[in-house]
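Undergrad: sequence isn't available, so here's the structure alone:
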């Protein structure tokens, strides 16, 4: 089943949800700020995305700019950081089996349906 890691306050996340509804596919909504990632689940999503942890960080978030921007962090440290501060994770993330996309732009979702 398709999963969308969703933040209801994010317009891009709401657009991704609307696209999935429009396409009439079965999907599960995971409000990741409430149901936090584990390190293992985040590593799995990164593998499906085919990206490094730094590429999943929202670099305009205040906590990133003030506390972490000027630090050199390992991939593992970045994963630990995102688990502790899920607001730092780019959104929405849509996963379909072993494929995933960051739905920015929203149309990226179409590539894995």
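TA: Happy to help now that I have it. The shown structure was predicted, so the numbers you read here are calculated from the model rather than taken from an experiment.
Undergrad: when you work out contacts or count neighbours from here on, use the C-alpha atoms and nothing else.
TA: Fine.
Undergrad: are we agreed that residue 94 is in a strand?
TA: Yes - applying DSSP: H, G, I helix; E, B strand; the rest coil, one finds residue 94 inside a strand.
Undergrad: please begin residue numbering at 555 from this point
TA: In the new count, where the first residue is 555, that last one comes out as residue 648.
Undergrad: and the residue nearest to it when sequence neighbours are not counted, how close does it get to residue 592?
TA: Nearest residue to residue 648, sequence neighbours excluded (C-alpha to C-alpha, 6 or more residues apart in numbering): residue 558, at 4.4 Å. Distance, residue 558 to residue 592, by C-alpha to C-alpha, to the nearest Å: 16 Å.
Undergrad: quick one, strands of this protein?
TA: Secondary structure of the chain (DSSP state E): strands at 556-560, 581-585, 647-650, 653-656.
Undergrad: contacts only, for residue 610.
TA: For residue 610, the contact set (C-alpha atoms under 8 Å, 6 or more residues apart in numbering) comprises 643-644.
Undergrad: and the one 5 residues further on, by the same measure?
TA: Residues in contact with residue 615 (C-alpha under 8 Å, 6+ apart) are 641-642.
Undergrad: next one: residue 629
TA: Counting by C-alpha under 8 Å, 6+ apart, residue 629 touches 606-608.
Undergrad: which PyMOL command selects the buried ones in those?
TA: The following PyMOL line selects those of the contacts of residue 629 that are buried, judged by 16 or more other C-alpha atoms under 10 Å:
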select buried, resi 607
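Undergrad: ok, residue 558 and residue 592, which is more surrounded?
TA: residue 558 (27 against 14; other C-alpha atoms under 10 Å).
Undergrad: buried stuff in stretch 576-594?
TA: 581, 584, 586-587, 590-591, 593.
Undergrad: what about it, start to end distance?
TA: Terminal-residue distance, stretch 576-594 (C-alpha to C-alpha): 31 Å.
Undergrad: what about that stretch, distance to the chain center?
TA: 9 Å (C-alpha atoms, centre = their mean, to the nearest Å).
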